[in-house]
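Undergrad: this one's sequence-less:
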């Protein structure tokens, strides 16, 4: 099975050194999509009311093959 790497950026870069074996590119994309909500559950905006979290999927040759992102945006309506 091919190995894919899932680099995370949630305000700082976390390089995936180990990777994850996936049946194919579609399975790697699904893995990235499923990872985002799990990451976001632990990450709340620390500075202000906006934060983007991204997962960059690369193949074993280091080529970027997919980018997924999730954005949090909060707005105060009144205090």
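TA: Alright, I've got the coordinates. Values in this document were obtained by computation on a predicted structure and should not be read as measured data.
Undergrad: please enumerate the strands of this structure.
TA: 3-9, 13-14, 20-21, 50-58, 64-73 (DSSP state E).
Undergrad: dump those strands to a markdown table, plus mean neighbour count.
TA: C-beta: built from backbone N, CA, C; applies to glycine. Formatted as a markdown table, the strands of the chain follow (neighbours: other CB atoms under 10 Å):
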| stretch | mean neighbour count |
| --- | --- |
| strand 3-9 | 18 |
| strand 13-14 | 11 |
| strand 20-21 | 14 |
| strand 50-58 | 18 |
| strand 64-73 | 14 |
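Undergrad: mind putting those in JSON lines, mean pLDDT and distance to residue 33 included?
TA: Converted to JSON lines, these look like this (pLDDT from 0 to 100; distance: least, CB to CB, whole Å):
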{"stretch": "strand 3-9", "mean pLDDT": "97", "distance to residue 33": "11"}
{"stretch": "strand 13-14", "mean pLDDT": "93", "distance to residue 33": "18"}
{"stretch": "strand 20-21", "mean pLDDT": "94", "distance to residue 33": "14"}
{"stretch": "strand 50-58", "mean pLDDT": "92", "distance to residue 33": "8"}
{"stretch": "strand 64-73", "mean pLDDT": "93", "distance to residue 33": "6"}
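Undergrad: okay, the ones you listed in a markdown table with distance to residue 41 next?
TA: Output for the strands of the chain, formatted as a markdown table (distance: least, CB to CB, whole Å):
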| stretch | distance to residue 41 |
| --- | --- |
| strand 3-9 | 14 |
| strand 13-14 | 16 |
| strand 20-21 | 19 |
| strand 50-58 | 11 |
| strand 64-73 | 11 |
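Undergrad: to residue 37, which of those strands lies closest?
TA: strand 64-73 (7.1 Å; CB to CB).
Undergrad: list the helices and strands the closest one packs on?
TA: Of the remaining helices and strands, those touching strand 64-73 by 3 or more CB pairs under 8 Å, 6 or more residues apart in numbering; DSSP states H and E are helix 25-42, strand 50-58.
Undergrad: so what's residue 43 closest to, chain neighbours aside?
TA: Excluding the flanking residues, the one nearest residue 43 by CB to CB, 6 or more residues apart in numbering is residue 10, at 5.0 Å.
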